[in-house]
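got a structure for you, letters missing:
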């Protein structure tokens, strides 16, 4: 059976545009039966994530990406509260333990930005001179 692509309604797409205006780069995911919006991490948040990945406590290491996503949650619903999103996120992890990691990986990916990293080399014709 083929999976159907999740598509935003016109109203939902307008809401995402409003969130982009307010928060910059945001992404919306359909996961665990609801919509989740994550904004691009701020530098300090990403630095904390990096430190957590090297923390001596393996439990802190294991939750580094999940915690980054939790910090970057934005309410999808107009008038929603960040603390309600975080509570729902925590419950998602209780119900389906791997799903917060999925959103965590998305948050880490957003920290890299839209840029392609390519090594630049001299052209063969310049190298032979």
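Noted; the coordinates are in hand. Everything numeric in this text was worked out from a predicted model, so none of it was measured. Numbers count the residues shown, from 1 in each chain.

Low-confidence stretches in the chain?
Along the chain, segments meeting pLDDT under 70 span 1-5, 126-129.

mind listing the helices for it?
Using DSSP state H, the helices of the chain run over 10-23, 43-53, 58-62, 64-72, 82-95, 99-111, 124-127.

taking those together, which one is wrapped up most tightly?
helix 64-72 (a mean of 22; mean count of other CB atoms under 10 Å). Quick note: C-beta positions are derived from backbone N, CA and C, even for glycine.

thinking again about what came up before, can you list the helices of the chain in TSV and add distance to residue 34?
Shown next, in TSV, are those (distance: least, CB to CB, whole Å):
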stretch	distance to residue 34
helix 10-23	12
helix 43-53	23
helix 58-62	24
helix 64-72	14
helix 82-95	7
helix 99-111	11
helix 124-127	53
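
do you know which of those lies nearest residue 36?
Residue 36 lies closest, by CB to CB, to one member of the helices of the chain: helix 99-111, at 6.0 Å.

what's next to the closest one, contact-wise?
25, 27, 29, 31-32, 36, 38-41, 46, 49, 64-70, 72, 89, 92-93 (CB atoms under 8 Å, 6 or more residues apart in numbering).

let's see it at 7 Å
Applying CB atoms under 7 Å, 6 or more residues apart in numbering, the external contacts of helix 99-111 come out as 25, 27, 29, 31-32, 36, 38, 40-41, 46, 49, 65-66, 68-69, 72, 89, 92-93.

same deal with stretch 10-28?
Under CB under 7 Å, 6+ apart, the answer for stretch 10-28 is 8, 35, 37-40, 74, 76, 78, 106, 110.

Show me just the buried residues among those residues.
35, 37-40, 74, 76, 106, 110 (16 or more other CB atoms under 10 Å).

Give me the distance between the spatially most central residue of the chain and residue 11.
Centroid-nearest residue in the chain: residue 107, 2.3 Å away (criterion: CA atoms, centre = their mean). Remark: distance between residue 107 and residue 11 (CB to CB, to the nearest Å) = 25 Å.

repeat for residue 78
Remark: distance between residue 78 and residue 11 (CB to CB) = 10 Å.

likewise residue 21?
Counting by CB to CB, the gap from residue 21 to residue 11 is 16 Å.
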